[in-house]
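> give me a 3D structure for the following:
(chains A, B, C and D)
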2 protein chains.
Amino acid sequence: MPQLAEVFRVHGFEGASLSRIRAETGLGKGSLYHFFPGGKDEMAAAVLADVDAWFLREVFSPLDSLPPEEGLALMWRAVDGYFASGRRICLVGAFALDATRDRFAAAVCGYFERWIASLRGALLRAGLANARAAALAEDLVLSIQGALVLSRALREDAPASHKDTVFSRALRRMQDEVGQALKRPPA
Amino acid sequence: MPQLAEVFRVHGFEGASLSRIRAETGLGKGSLYHFFPGGKDEMAAAVLADVDAWFLREVFSPLDSLPPEEGLALMWRAVDGYFASGRRICLVGAFALDATRDRFAAAVCGYFERWIASLRGALLRAGLANARAAALAEDLVLSIQGALVLSRALREDAPASHKDTVFSRALRRMQDEVGQALKRPPA
DNA sequence: AAAATGGTATACCGATCGGTAAACAAAGCG
DNA sequence: CGCTTTGTTTACCGATCGGTATACCATTTT
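Residues are numbered from 1 along each chain as shown, chains lettered A, B, ... in the order given. Purely as a prediction, here's the structure:
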């Protein structure tokens, strides 16, 4: 399943041909269609569900139920780890850009809505005003996606130099932004 | 050429099959290969060059040569118009996400580097400190890309309601950020 | 009018696409 | 042991892929 996800991440939905999937997973065509009778669509849907489950467990739930500061700290760690400091992109974001979005509209839309909602909730509980929490939550999720795009565009996938990439810089900037917002009185 | 660009934008490089291109442009296969003997790669390269030229003319050059406030104002207008308030995505950003990036690495990388550099230059000339200008320029370009991803993910391509979309909100927030940075002494 | 030019339409190529079917292997279980 | 279940292999399907070749058409040039 991780390998399956990787194929979609690297090549996109259209670019993830069955032969590439076979090569990456080592499974024959028959095996793939045994597990996913619905074909490529079902594979992609399963991967999306898997991603969603991971984020639900590692990001959304902590944001919802833990003290906001803890939840936020966990989110930054999880995001930096999951996206490999910008070397790996967001599958959902990639699907959102092309026509693939229409096929998996519910999953794509739900993923981002949920993320923003959980983040907004945590920020609210951390003391931010309603409007400010909503705006900041949206801005943070949006910036993460943008950082992934830019990080990949500038070819920062060198195995070394984890430190000063666009993604790491952006992540630090976001944390600062949250920190300042929580210290200061809501604007 | 605009139609050609649209096919790549909507379907991505892999999803932009020659038959779809033919359908969209109305040209026969022969005509396409007459103008682009190099096939799909050359078409995509031409589209990328076209996009780059447009941004050079409408965004980068104004940022470089006009007074910074004017250049910035033009950029916001151009960006909002070009991306149709979030209803149209950035072709270069989309290419950057999947394996297509490797094929057009130079163009993709150059596009973003140039954008950030021009923006940084304008911010510098507007009075920002070196580090702050660089960080803000990166953050703005990154946020635009993120706003496009999120805007599409949340299906905000309804023809009506131009006003309060994720993209419009994000654009306004960025303008505020720049405005505040220019007013205040550099942090 | 003849020839060359710029562009188009069409048929076709091998390769690969996503997907199906059937034969087969290996356990699980009575 | 036989029988089913679970999974894999393999061959194959029609459709479509990107790309080529050729014939054709409309100008323009000579």
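
> select the longest helix from chain A.
Longest among the helix segments of chain A by residue count, using DSSP state H, is helix A:130-153.

> got the buried residues for the next helix or strand after that helix?
Counting by DSSP states H and E, the next helix or strand C-terminal to helix A:130-153 is helix A:166-183. Going by neighbour count (16 or more other Cβ atoms under 10 Å in any protein chain shown), the buried part of helix A:166-183 is A:166-171, A:173-174, A:177-178, A:181-182. (C-beta placed from N, C-alpha, C; glycine too.)

> is any residue of helix A:166-183 near chain B?
Yes. Counting by Cβ under 8 Å from any Cβ of the partner chain, chain B is contacted by helix A:166-183 at A:166, A:169-170, A:173.

> list the contacts for the one residue in chain A that gets nearest to chain B?
At 2.7 Å from chain B, A:Gly146 is the closest residue in chain A, using Cβ to the nearest Cβ. By Cβ atoms under 8 Å, 6 or more residues apart in numbering or on different chains, the residues touching A:Gly146 are A:170, B:141-147, B:149.

> could you check how far it is from A:Val178?
Separation of A:Gly146 from A:Val178 (Cβ to Cβ, to the nearest Å): 16 Å.

> now swap in A:Asp50 and tell me
Applying Cβ to Cβ, the value for A:Asp50 to A:Val178 is 28 Å.

> need the residues of helix A:166-183 next to chain B in a markdown table (columns: pLDDT and distance to DNA strand C).
Formatted as a markdown table, those follow (pLDDT from 0 to 100; distance: Cβ to the nearest atom of the strand, whole Å):
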| residue | pLDDT | distance to DNA strand C |
| --- | --- | --- |
| A:Val166 | 94 | 31 |
| A:Arg169 | 95 | 36 |
| A:Ala170 | 97 | 33 |
| A:Arg173 | 96 | 38 |
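
> which residue is the nearest non-sequential neighbour of A:Phe8?
Distance criterion Cβ to Cβ, 6 or more residues apart in numbering or on different chains; nearest residue to A:Phe8, sequence neighbours excluded, is A:Ala16 at 4.9 Å.

> swap that for A:Leu148, please
The shortest distance from A:Leu148 to any non-neighbouring residue, by Cβ to Cβ, 6+ apart, is to A:Ile89 (5.0 Å).

> what's stretch A:73-93 in contact with?
The contact list for stretch A:73-93 (Cβ under 8 Å, 6+ apart) reads A:5, A:8-9, A:47-48, A:51, A:54, A:58-59, A:62-63, A:66, A:107-108, A:111-112, A:119, A:144-145, A:147-149, A:151-152, A:156-157, A:162, A:165-168, A:171, A:174-175, B:97, B:149, B:153.
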